[in-house]
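Chemist: dropping the sequence and predicted coords here.
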Amino acid sequence: MNEHTSTDLPPVNMDAEGNPTDGRGAWRQYLCRACGWIYDERLGDPDGGLPAGTRFEDISDDWQCPLCGVTKRDFEPFVSRDTIITKPMINPVADEGGVIVIGGGTAGWTAIEALRKLDDKLPIMLITADSGDRYMKPQLSIAISQNKTPETLITKSAKELSKKLNIGLVAQTFVIHIDAKKRQIRTTRGNFYYQKLILALGATPTLPACLPPDCVWRINHIDMFAKLQSRLASRTAQHIAVIGAGMIGVEVAEDIIRAGHKVTLINRSSLPLAEILPKRAGARLRDALISTGINYLADSNVTQLTRLNSNGGYKLTLDNGTTLVVDEVVASTGLALDERLPKRAGVVHSIQGISVDERTLKTSDPHIFAIGDCIAIGGRACRFVAPLREQANAIAHEIIDLEHAGYQHKPPMVRLKTKSIIVTLTGDADNRRPWLLSEETDEYLLMIQEKDGTQSAKLELKQGQMAVHDTGTAPQSLML
């Protein structure tokens with residue numbers, strides 16, 4: 001229980017009909033990003049010490065969401081949207097074997113397609129917190145310089161897909177709780193029941209405490225991509241700080257500088273992709289990024305981020321005392337499983353992902369499966385698009401009870417989507433094992449790893465195109 005009482009807050013300003021009289025406009029609503037609970041200023045949170053009529057801005061920063069316990073900083077303004085609900089809906093009594101999929105990304109839709117391919121009458125419903133429109137998330141990190149918009153990135157609308165695949169669709173809806181014993185899903189739009197459940201939850205960007213969520217961009221969803229794209233298009237040659245030099249951070253940094261902006265890439269390690277690449281390859285990647293005009297800050301950690309004004313503009317303080325003033329900040333500081341729903345469903349999981357059987361993708365609950373970015377196999381996260389079809393096929397066969405060989409997990413090919421240098425990694429790479437130099441020229445690098453006397457991984461780097469001129473402006477041909 002929160003300790004705030006009505007005496008801690010301004011007096012309630014409300015007329016007899018419940019309308020505000022404090023001169024600050026209509027009542028507003030705020031959405032908990034963690035669980036989907038909505039704080040309504042008109043209703044307040046009486047159990048938490050917030051009487052009806054309490055403005056969100058007047059709430060203490062340590063107030064907690066009554067549903068999941070996160071603080072005020074994890075809320076955002078909520079704008080009510082029309083919920084897309086299409087038939088058929090699942091009736092748990094009449095529709096024996098009904099399947100619900102939570103998550104409208106590529107993983108969720110791939111699972112639905114696999115099920116529908118095997119059974120054209122199986123009752124299926126998709127519940128998604130966003131529109132559910134289909135797009136390829138990996139394209140977001142290279143789309144700004146290509147002038148792509150959300151409209152061009154979306155390949156099919158959820159409404160069209162739901163009709164084509166004959167499934168129920170409940171969009172713009174947050175799942176609040178999963179009761180595995182009752183096989184019940186509680187949402188902001190009511191309760192639903194399932195016979196089998198597929199979790200396609202994705203992974204959530206992680207932020208260190210020094211990076212306030214409302215001050216940084218995370219390009220992990222098309223909605224946030226659209227907002228960042230709009231902000232960058234509002235003014236030319238802005239200075240953008242990208243924090244984190246993993247795969248996404250490197251791709252985003254090069255993409256933004258190719259769009260004509262100034263970029264500072266801040267990395268806690270000396271070399272980019274330090275957890276994946278050997279030092280020889282990492283140094284080549286670093287040099288290629290610098291050749292595009294990117295200001296690369298190695299061995300640097302942000303200790304403080306301060307907003308300078310309401311329209312953008314931030315001051316970053318690094319652990320060496322250096323300060324940096326930029327227009328916008330993009331964070332690429334890692335991904336982790338949002339443990340809220342797996343925890344409430346009672347399935348075994350870790351911060352890496354939901355533990356699944358490698359062959360069937362079944363969780364510790366026999367009625368619940370998981371797919372895509374939210375799973376862990378052998379304790380390791382599996383965050384790649386390439387295996388999704390095989391994962392979905394195994395799940396579909398298991399649910400419909402058809403004989404199948406099962407999913408066979410193999411390390412997928414990793415390819416960096418940069419233009420200044422082409423990086424390709426195949427096989428079972430492990431940086432704890434030594435890398436052997438096989439071939440090296442000014443334009444090319446080939447390194448291999450061996451395990452038990454045979455080649456286990458191969459790494460290739462090829463010099464690509466120069467991304468910018470010395471002036472820091474992207475060549476027109478590269479903007480297409």
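Modeler: In hand now; what should we look at?
Chemist: could you use CA atoms for every contact and neighbour count after this?
Modeler: Fine.
Chemist: who are the packing partners of the top strand by length along the chain?
Modeler: Looking across the chain with DSSP state E, the single longest strand is strand 454-463. For strand 454-463, the contact count by 3 or more CA pairs under 8 Å, 6 or more residues apart in numbering; DSSP states H and E identifies strand 421-427, strand 444-451 as packing neighbours.
Chemist: tell me the angle the longest one makes with strand 421-427.
Modeler: So that's strand 444-451. 20 degrees (axes from the mean of the first three to the mean of the last three CA atoms, to 10 degrees).
Chemist: direction included, what does strand 444-451 pair against?
Modeler: In the sheet, strand 444-451 lines up against strand 436-440 (antiparallel), strand 454-463 (antiparallel) (DSSP bridges).
Chemist: mean confidence for the first one?
Modeler: Right, the one you point to is strand 436-440. Average pLDDT, strand 436-440: 97.
Chemist: so which of the strands paired with strand 444-451 comes closest to Thr323?
Modeler: Closest to Thr323 of those, according to CA to CA: strand 454-463, at 32.8 Å.
Chemist: the stretch 351-480 of the chain: strands as residue ranges?
Modeler: For the stretch 351-480 of the chain, the strands defined by DSSP state E, counting those that start in this stretch occupy 354-355, 368-370, 375-377, 380-381, 414-416, 421-427, 436-440, 444-451, 454-463.
Chemist: so, low pLDDT: which residues of this structure?
Modeler: Flagging of the chain using pLDDT under 70 yields the residue ranges 1-12, 34-35, 80-97, 310-312, 465-480.
Chemist: what residue is smack in the middle of it?
Modeler: Asn220 (3.8 Å; CA atoms, centre = their mean).
Chemist: would you check that that one makes contact with Pro205?
Modeler: Yes - with contacts counted by CA atoms under 8 Å, Asn220 reaches Pro205, the gap being 7.3 Å.
Chemist: does Thr317 count as helix, strand or coil?
Modeler: At Thr317 the chain is in strand, as set by DSSP: H, G, I helix; E, B strand; the rest coil.
Chemist: can you get me a residue count around it?
Modeler: The number of residues packed near Thr317 is 19, by other CA atoms under 10 Å.
Chemist: who's in contact with it?
Modeler: 302-305, 323-324 (CA atoms under 8 Å, 6 or more residues apart in numbering).
Chemist: got the contact list for the helix or strand that Leu289 is a member of?
Modeler: According to DSSP states H and E, Leu289 maps onto helix 279-291. Helix 279-291 is contacted from outside by 254, 271-274, 296, 420-421, 445, 461, 463, 466-467, using CA under 8 Å, 6+ apart.
Chemist: how far does the helix or strand following that helix sit from the chain's center?
Modeler: Remark: after helix 279-291, the chain's next helix or strand is strand 295-297, criterion DSSP H and E. Its chain's C-alpha centre lies 25 Å from the corresponding centre of strand 295-297 when counted by CA atoms, centre = their mean, to the nearest Å.
Chemist: so what secondary structure elements neighbour strand 295-297?
Modeler: Using 3+ CA pairs under 8 Å, 6+ apart: strand 295-297 touches strand 262-266, helix 279-291.
Chemist: one more time with 6 Å
Modeler: The elements that strand 295-297 packs onto, with contact taken as 3 or more CA pairs under 6 Å, 6 or more residues apart in numbering; DSSP states H and E, are strand 262-266.
Chemist: which residue is the nearest non-sequential neighbour of Pro434?
Modeler: Ranked by CA to CA, 6 or more residues apart in numbering and with sequence neighbours excluded, the top spatial neighbour of Pro434 is Gln449, at 6.5 Å.
Chemist: number of residues surrounding the one you found?
Modeler: By other CA under 10 Å, neighbour count at Gln449 equals 22.
Chemist: now do Leu201 against Arg389, distance only.
Modeler: 16 Å (CA to CA, to the nearest Å).
Chemist: these two - which one has more neighbours?
Modeler: For Leu201 versus Arg389, neighbours defined as other CA under 10 Å are more numerous around Leu201 (26 against 19).
Chemist: that one: what secondary structure?
Modeler: Going by three-state DSSP: Leu201 is coil.
Chemist: I'd say it and Gly103 touch.
Modeler: Yes - applying CA atoms under 6 Å, one finds Leu201 in contact with Gly103, separated by 5.2 Å.
Chemist: quick one, which of the strands of the stretch 351-480 of the chain is nearest to Leu316?
Modeler: When the strands of the stretch 351-480 of the chain are compared for distance to Leu316 using CA to CA, the nearest one is strand 414-416, at 27.7 Å.
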